[in-house]
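I'll drop the sequence and a predicted model, then ask my questions.
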Amino acid sequence: MGVALAHHRKILVVDDDSLVCDSLKELLTLEGYAVDTALDGTEALNKVKQDSFHLILSDIHMPGLNGIELLKELKGLDSNTFIVFITGHGHIDGAVEAIKLGAYDYITKPIDDTRLKFTIQRALEQQKLLLSYQNLKQRLKPWDLQDTMKFRDRKMEQLLELVHTISDTQASVLISGESGTGKSLLARYIHSQSSRKNRPFVKISCGSLSETLLESELFGHVRGAFTGAIRDKKGKFEEAHGGTIFIDDINSASANLQVKLLRVLQEKVIERVGGNTLIPVDVRIICATNTSLQEEVARQNFREDLYYRVNVVSLAIPPLRERLSDISPLAEHFIEQFNLIHRRKVKGLSKTAHQVLLRYRWPGNVRELENIIEQAVILSPGEYIIPEVLPQYIRESAVCTVPASTDLSLDDALGHAEKQIILETLERFKWNRQMCAQALGISRTTLFNKMKRFQLMEHRRQTPGRKPGIKAGGQTARF
Ligand SMILES: Nc1ncnc2c1ncn2[C@@H]1O[C@H](COP(=O)(O)OP(=O)(O)OP(=O)(O)O)[C@@H](O)[C@H]1O
Ligand SMILES: [Mg+2]
């Protein structure tokens with residue numbers, strides 16, 4: 001890699017300390033990169049708008065526009081620039097936050113030159129592959145592997161049993177689950193298991209389009225219904241006739257749209273926007289939500305009558321951290337998939353890498369696992385994925401036990417463990433102290449005092465998950 005890859009790669013170094021900027025510039029220029037510098041986020045953003053950079057190496061804490069704000073601005077620009085943060089030792093939380101927002105990685109101060117060079121090389125290598133993969137993915141037809149649901153966890157097994165019972169019925173289905181848990185995949189799977197499988201499966205999301213556009217997408221429109229409606233247009237419901245419509249992010253549907261959806265569900269007819277003919281449609285409806293629709297009903301954001309119509313069968317996909325035994329079959333599946341795409345021959349996860357994955361919280365669920373496995377497959381030097389090719393934030397969040405060789409006193413070591421347990425339980429119950437205290441078998445006052453002692457009052461960082469036993473064999477539901 002090294003200089004060959006460095007050639008033509010442009011890096012922008014952002015730090016409010018001009019000495020840091022200069023020394024990093026010198027170091028990276030020697031490595032063969034073209035380097036520019038900026039002293040704060042605003043200057044950086046201006047440079048990015050004028051010139052394109054492959055990578056930005058940025059401090060997090062800066063006066064004016066800080067690193068995180070810069071990252072958010074970059075997202076808005078829809079650029080392919082990777083960003084790596086430099087952070088002080090005491091500020092890991094900010095860096096973890098940055099990763100969640102889409103930063104590639106972070107390195108801690110004082111900067112270790114070798115580590116810096118490695119991180120940059122790895123980021124650029126991955127960026128290159130990502131871009132070619134994006135191209136490739138667009139050209140590839142979905143093949144067998146993409147249409148496979150992998151699971152091992154008992155809860156998923158039960159869910160799939162239920163799915164098989166209801167697939168070939170007319171019943172409306174509501175799939176709930178955090179982002180990335182596999183709701184879209186499950187919707188397609190249900191369709192594939194029904195007698196409608198040779199008819200269309202049409203997907204639409206209520207989350208991304210404006211209300212008017214969404215309405216015309218769903219129900220179609222007639223010529224002249226609004227400016228720009230130059231001809232009649234079929235909507236998704238008509239397209240899906242005889243098949244299934246998958247309405248994603250149903251929780252985002254406006255009040256007005258909810259009324260219209262209710263009508264389709266009740267009367268099985270639609271009316272194109274601006275039209276006055278009723279068109280009968282025979283469509284199976286599957287909806288997905290990543291918030292609790294029941295809570296939305298309670299908050300009066302969602303119509304109760306519509307809720308009962310869409311929620312005839314309710315399928316809740318648990319987050320990945322609550323079904324850690326799925327990690328191994330999922331990882332194997334993704335390894336197989338990315339071996340094909342990237343022409344690699346990775347055989348599996350090493351035991352230690354698997355353990356690291358088991359301890360992570362997986363805020364991005366299966367999608368996050370998929371991305372990480374892709375990275376790891378690309379970067380793996382050997383046959384098995386080792387922890388070193390996993391992103392630093394995953395390895396770091398996995399450090400939950402007391403290090404074997406510490407010079408902590410027994411009291412401090414126990415305190416450390418106690419803190420971890422309390423933190424984990426708090427996270428598990430979404431910081432509800434009542435429930436947490438109950439689960440731990442202590443009073444709320446005791447919990448409160450311990451939280452104060454361990455400085456957990458304002459603490460909201462990610463915590464590692466629990467560690468299950470590793471069972472062999474997984475299950476596959478093929479389309
Ligand atoms: N059980 C599974 N087996 C294999 N792949 C899976 C499984 N669950 C999810 N995936 C894969 O993980 C990725 C995310 O899944 P999907 O898009 O279905 O999630 P989602 O819940 O619809 O997310 P969002 O809320 O963001 O729409 C997809 O690439 C999907 O193929
Ligand atoms: Mg989805």
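Happy to help now that I have it. Ligands and ions are numbered 1, 2, ... in the order given.

Which residue would be the closest one in the stretch 151-300 of the chain to ligand 2?
Ligand 2 sits closest to residue 184 of the stretch 151-300 of the chain, with a gap of 3.3 Å, by CB to the ion. Using the backbone N, CA and C atoms, a C-beta is placed for each residue, glycine as well.

how many neighbours does that residue have?
For residue 184, the count of nearby residues is 16 (other CB atoms under 10 Å).

Report the contact partners of it.
203, 246, 248, 288 (CB atoms under 8 Å, 6 or more residues apart in numbering).

Let me know whether the last one touches residue 176 as I believe.
The one in question is residue 288. Yes: between residue 288 and residue 176 there is a contact at 7.2 Å, judged by CB atoms under 8 Å.

list residues touching both of those two?
Common contacts of residue 288 and residue 176 (CB under 8 Å, 6+ apart): residue 183.

returning to that earlier point: looking at the contacts of residue 184, which one is closest to residue 25?
Looking at the contacts of residue 184 and their distance to residue 25, the nearest is residue 248, at 45.5 Å (CB to CB).

which residues touch residue 222?
Applying CB under 8 Å, 6+ apart to residue 222 gives the contacts 229, 232, 272, 273, 274, 275.

most surrounded residue in those?
Going by other CB under 10 Å, residue 272 tops the contacts of residue 222 with 24 neighbours.

Nearest residue to it in space, please, no chain neighbours.
Sequence neighbours aside, residue 220 is the residue nearest to residue 272 in space, at 4.3 Å (criterion: CB to CB, 6 or more residues apart in numbering).

and the closest residue in space to residue 68 that isn't next to it in sequence, what pLDDT?
In space, and not counting its chain neighbours, residue 68 is closest to residue 98: 5.8 Å by CB to CB, 6+ apart. pLDDT for residue 98: 86.

Let's verify residue 98: helix, strand, or coil?
Under DSSP: H, G, I helix; E, B strand; the rest coil, the three-state class of residue 98 is helix.

Also the one 5 residues further on?
At residue 103, secondary structure determined by three-state DSSP is coil.

Against ligand 1, how distant is it?
19 Å (CB to the nearest ligand atom, to the nearest Å).

coming back round to it: is it true that the residue nearest to residue 68 touches residue 67?
Yes: Residue 98 lies in contact with residue 67 (CB under 8 Å); the separation is 6.8 Å.

which neighbours do those two share?
In terms of CB under 8 Å, 6+ apart, residue 98 and residue 67 are both contacted by the residues 60, 85.

What is the neighbour count of whichever residue of the stretch 101-250 of the chain sits closest to ligand 1?
Using CB to the nearest ligand atom, the closest approach of the stretch 101-250 of the chain to ligand 1 is made by residue 182 at 2.7 Å. By other CB under 10 Å, the residues close to residue 182 number 21.

Enumerate every residue touching it.
149, 317, 365, 366.

confidence score at it?
pLDDT at residue 182 comes out at 96.

and what of residue 47?
pLDDT, the model's per-residue confidence, is 88 for residue 47.

What segments of the stretch 51-200 of the chain are strands?
Taking DSSP state E, counting those that start in this stretch to define them, one finds strands in the stretch 51-200 of the chain at 55-59, 82-87, 105-108, 148-151, 173-176.

Let me know the secondary structure of residue 225.
coil.

my guess is it contacts residue 274, does it?
Yes: contact criterion CB under 8 Å: residue 225 and residue 274 qualify, at 2.6 Å.

While we're on residue 462, how confident is the model there?
Here, the pLDDT recorded for residue 462 equals 41.

Please read the previous query as pertaining to residue 386.
For residue 386, pLDDT reads 94.

what's near enough to touch the closest residue to it other than its chain neighbours?
Nearest residue to residue 386, sequence neighbours excluded (CB to CB, 6+ apart): residue 350, at 5.1 Å. Residues in contact with residue 350 (CB under 8 Å, 6+ apart) are 384, 385, 386, 387.

separation between the closest residue in space to the first one that isn't next to it in sequence and ligand 1?
Okay, so that is residue 384. Leaving out its chain neighbours, the residue that sits closest to residue 384 by CB to CB, 6+ apart is residue 350, at 4.3 Å. From residue 350 across to ligand 1, the span is 21 Å (CB to the nearest ligand atom).

What are the boundaries of the helices in the stretch 51-200 of the chain?
67-77, 92-100, 113-139, 154-166, 183-192 (DSSP state H, counting those that start in this stretch).

what inclination does the fourth one have with respect to helix 183-192?
When axes from the mean of the first three to the mean of the last three CA atoms, to 10 degrees is applied, the directions of helix 154-166 and helix 183-192 differ by 40 degrees.

With the shortest one instead?
Angle between the axes of helix 92-100 and helix 183-192 is 40 degrees (criterion: the same axes, to 10 degrees).

With the longest one instead?
Relative orientation of helix 113-139 with respect to helix 183-192: 30 degrees, computed using the same axes, to 10 degrees.

and helix 113-139, which residues are buried?
Using 16 or more other CB atoms under 10 Å as the test for burial, helix 113-139 gives 116-117, 119-124, 126-127, 129-130, 133.

rewinding a little: export the contacts of residue 350 to CSV and tack on neighbour count?
Shown next, in CSV, are the contacts of residue 350 (neighbours: other CB atoms under 10 Å):
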residue, neighbour count
384, 15
385, 27
386, 17
387, 17
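
what's the distance between residue 423 and ligand 1?
Taken as CB to the nearest ligand atom, the span from residue 423 to ligand 1 is 26 Å.

Now that residue: phi and psi?
Residue 423 adopts backbone torsions of phi -60, psi -40, taken as degrees, to the nearest 10.

Hmm, residue 451 and it touching each other?
No: counting by CB under 8 Å, residue 423 does not reach residue 451; the two are 9.2 Å apart.

ok so, going back, inside strands: which ones of the contacts of residue 350?
Here DSSP state E is the test, and the contacts of residue 350 give 384, 385 as lying in strands.

Identify, from the contacts of residue 350, the entry nearest to residue 12.
Closest approach to residue 12 among these (CB to CB): residue 387, at 30.0 Å.

Just want the residue of the stretch 201-350 of the chain that's nearest ligand 1.
Closest contact between the stretch 201-350 of the chain and ligand 1, by CB to the nearest ligand atom, is at residue 290 (4.8 Å).

who are the neighbours in contact with that residue?
For residue 290, the contacting residues are 176, 177, 178, 179, 183, 249, 251, by CB under 8 Å, 6+ apart.

Which of those ranks first by neighbour count?
residue 183 (24 neighbours).

how much space is there between the residue most central in space within the chain and ligand 2?
Among the residues of the chain, the one closest to the centroid is residue 364, at 3.3 Å (CA atoms, centre = their mean). From residue 364 across to ligand 2, the span is 12 Å (CB to the ion, to the nearest Å).

which residues does that residue contact?
Counting by CB under 8 Å, 6+ apart, the residues that residue 364 touches are 100, 179, 180, 371.

tell me which parts of the protein are close to ligand 2?
Counting by CB under 5 Å from the ion, the chain comes close to ligand 2 at 183, 184.
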